[in-house]
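J.: Task: produce atomic coordinates for the following.
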Amino acid sequence: MWKNRRRIVALLGGAAVLLLPFLRIRGRGAMRFDLPTLSLHFFGAVVPIDEFYLVLLGTLFLVALTLWVTVVFGRLWCGWLCPQTVIGEIGEWIASVLPPRFRSGGKTLALLPFSAVVSLSLLWYFVPPAEAIRDLFRSQVLLGFFLSQWAVIYVMVAVVGPRFCKTACPYAMLQNVLADRETLAVAYDPARPECLRCDGCIRVCPVGIDIRKGGQRECIACASCIDACREATSGGNIAPFIAYRGTVLRGKAYLFGGGCLAAALVLLAAVLSRPDVRFAVQWEGKAGTPRGNVYRYSVRNDSDRPVALALSVERPARLLDDPEVAVPPRRRVTGTVTVQGGNGTPGEILFTAEGRGFRIVRKAAFP
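T.: Residues are numbered from 1 along each chain as shown. All right, here's what the predicted structure looks like:
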């Protein structure tokens, strides 16, 4: 039964979302936007906010992946992984243990604490889980976000429910543009006119459509109608009239898959080409000494080990301050140095930052 398969996928997906903030790699959360340092932690990598071009490249990859999945698999996401669908169905599964007359109210009641857990788990992607739980009722900001998210999630899954999928879901509208006749979708076989007319497919459909009337934007590909049709036809050894239909391996799938792969390679190249140590310097003003200029430098260490480096300038210029700079792991250090004289090029000083395994040269102009 497709229902059991969807339950397994939903439970695995939900467990991954709830447990991912607890997973630690290199001493950091596997996935979290760290607010104190304004950096994204992603499976051991740290992306500072001034490197958010990597996030843009990651977004580009996700867009390409979404297009490819939609073209090939249609609205499989909607029926199998979308929180709007999955959270509501988990409420139904919980309520299914109750007597039939209590199930409707039981679902509404079960979704109340479950929505709270989902809201709390979203906070864990910005605040470490232990800290979020400890400070939930101590911090007005945390509590405000928690209660706001709880209310929105509960209203969306318990009150709005499948109506959102039928009317306002932007992904459903995107599906209309990208899907074609070969996109994988739940479909009725019109070549078989001997449908049993039991209407079981209509009764179980969460969005209330009749799949026998052809492909419809409202369909979320949950396969509930397939299970209902199989149950109705199994007694007479008749093949179900409704099934997943489509062609996965085809030219359009390869085209969008190639775009997705290209975006992934660009993202990977950008991540691998990031240097561990970055050095920048700029003129700040005149110094009190003859032919002296003050320069502000910035050194960022993106590695997991401390870095020691020495600053120097090209002769005949002379560095008047301590050239040694120590930078802790995943930190930035800034400071100023005074330089006297010039290096032969009017209006320009050549700086070198050198440490173990790296040497960075930067030019800084002065008036």
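J.: Every contact and neighbour count from this point should use C-alpha atoms.
T.: Will do.
J.: From Ala223, how far out is Leu184?
T.: 12 Å (Cα to Cα, to the nearest Å).
J.: tell me the secondary structure for Ala110?
T.: Here Ala110 takes the helix state, with states given by DSSP: H, G, I helix; E, B strand; the rest coil.
J.: same thing with the one 4 residues further on?
T.: Classification of Phe114 using three-state DSSP returns helix.
J.: ok, it - contacts?
T.: Contact analysis of Phe114 by Cα atoms under 8 Å, 6 or more residues apart in numbering lists Gly91.
J.: so Ser312, which of the three states?
T.: strand.
J.: quick thing: my sequence starts at 12, can you match it?
T.: All right, first residue 12 from here; so that's Ser323.
J.: and Val336, how many residues sit next to it?
T.: Neighbour count for Val336, taken as other Cα atoms under 10 Å: 16.
J.: Show me what it bridges to in the sheet.
T.: Leu320 (DSSP bridges).
J.: do the same with Gln351
T.: Gly303, Arg329.
J.: and it, how many residues sit next to it?
T.: 19.
J.: how about the helices in the stretch 12-161 of the chain?
T.: 13-30, 64-84, 87-91, 94-106, 114-134, 140-146, 151-165 (DSSP state H, counting those that start in this stretch).
J.: Show me what the third one is in contact with.
T.: Helix 87-91 is touched from outside by Arg17, Val20, Ala21, Thr81, Thr96, Val97, Ala196, Ile231, Ala232, Cys233, Ala234, with contacts defined as Cα under 8 Å, 6+ apart.
J.: mind running it again at 6 Å?
T.: Arg17, Ile231, Ala232, Cys233 (Cα atoms under 6 Å, 6 or more residues apart in numbering).
J.: neighbour-wise, which of the residues you listed leads?
T.: Ile231 (26 neighbours).
J.: relative to its centroid, which residue of the chain is most remote?
T.: Here the centre of the chain is the reference, and by Cα atoms, centre = their mean the most remote residue is Pro301, at 55.0 Å.
J.: separation between that residue and Ser323?
T.: Taken as Cα to Cα, the span from Pro301 to Ser323 is 19 Å.
J.: same deal with Glu365?
T.: For Glu365, the distance to Ser323 - Cα to Cα - is 8 Å.
J.: returning to that earlier point: pLDDT value on the residue farthest from the centre of the chain, please?
T.: Model confidence at Pro301, given as pLDDT, is 78.
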